[in-house]
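**Q** With the input below, show me the fold.
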Amino acid sequence: MDDYEYRKLQKNSFFIKDEDSFYNNIYLSENKNQDIFNLVQSFITLTWLFGNSSDSFDSSKGSFSFPLLITINKTIGKFFYLLHIFDSKSWIYYRLYKVFEDESDIPKIQSKVFKSEFTHQEINNFFNYIHKYINESFKSLNSVTVPEPFLKAIDASLIIYGYYNNQYK
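**A** Here you go, the predicted structure:
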C-alpha cells in the first residue's frame, strides 16, 4: 500500500485503543539486550514480506512504517482494518484502525472494538501471531538470503542500526 492509499484509508477510519496486555507480554518476555537486533530483523523481514517502507513516519522518532489493509471474514460479513506496523524510539508498534466506507460512517464514540467483528482477545491473538511470524520469518529468511546493506537512524533514541559486511549492527 502506498502513502496516498494509507492516508486515504486512515481518513476513513479510527484507531482502536491498544490492549496493554499484548505489549506487556512481548516486551517483558523479550531480552532487553535484543532491542537493536529486533529493529534490524523486523525491518529486514517486513521489507522482504511487504516491500519498501512507507514514508509515513516521524523520522526523528522512527525508521520504518508498513501500513497494511487486512480483511476480517466472519459469517456476519467482511470487515476492513488498517494494520500499521512501525517503530518509534526503538520500540515496534502494531496499530489497528477500523476502516469505514465513508468518513461520515465513523461513530462518534472512538476506540470501541466491534465485538462481533474483532474482539480484544482476537486482536491480541492476531498481534501475537504477527509478531511471532515476523520473528520466525526472519530465521527462515536469514538462512536462504543475504540482506542488502542498509543503515537506519533514530534520532530521538540516539540509535543507529543496520546490516553491513555480513554483520547486523
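**Q** Just give me the longest strand of the chain.
**A** strand 77-88 (DSSP state E).
**Q** tell me the average confidence for that one?
**A** The pLDDT scores in strand 77-88 average 93.
**Q** next one: stretch 107-117
**A** 69.
**Q** What is the longest strand of the chain packed up against?
**A** helix 3-11, strand 13-16, helix 35-50, strand 65-74, strand 91-99 (3 or more Cβ pairs under 8 Å, 6 or more residues apart in numbering; DSSP states H and E). In short, each C-beta sits where N, CA and C put it, glycine included.
**Q** for it, the distance to its chain's centre please.
**A** The chain centre lies 8 Å from the centre of strand 77-88; the measure is Cα atoms, centre = their mean, to the nearest Å.
**Q** got the CA coordinates for it in PDB?
**A** Provided in PDB are the C-alpha atoms of strand 77-88 (Å, rounded to 0.1, in the frame of the first residue of the first chain):
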ATOM      1  CA  GLY A  77     -19.900 -10.100   6.900                       C
ATOM      2  CA  LYS A  78     -16.500  -8.800   5.700                       C
ATOM      3  CA  PHE A  79     -14.700  -6.100   7.700                       C
ATOM      4  CA  PHE A  80     -11.700  -4.000   6.800                       C
ATOM      5  CA  TYR A  81      -9.000  -2.900   9.100                       C
ATOM      6  CA  LEU A  82      -5.800  -1.000   8.700                       C
ATOM      7  CA  LEU A  83      -2.800  -2.500  10.400                       C
ATOM      8  CA  HIS A  84       0.200  -0.100  10.800                       C
ATOM      9  CA  ILE A  85       3.500  -1.700  11.900                       C
ATOM     10  CA  PHE A  86       6.100   0.900  12.700                       C
ATOM     11  CA  ASP A  87       8.900   1.800  15.100                       C
ATOM     12  CA  SER A  88       9.100   4.700  17.500                       C
END
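**Q** In that strand, which residues are buried?
**A** For strand 77-88, a neighbour-count test (16 or more other Cβ atoms under 10 Å) marks 79, 80, 81, 82, 83, 84, 85, 86, 87, 88 as buried.
**Q** what's the closest of the residues you listed to residue 45?
**A** Nearest to residue 45 among the buried residues of strand 77-88 is residue 85, at 10.3 Å by Cβ to Cβ.
**Q** in the longest helix anywhere in the chain, what counts as buried?
**A** Secondary structure of the chain read by DSSP state H shows that its longest helix is helix 120-144. Residues of helix 120-144 classed as buried by neighbour count (16+ other Cβ under 10 Å): 123, 124, 126, 127, 131, 134, 137, 138, 141.
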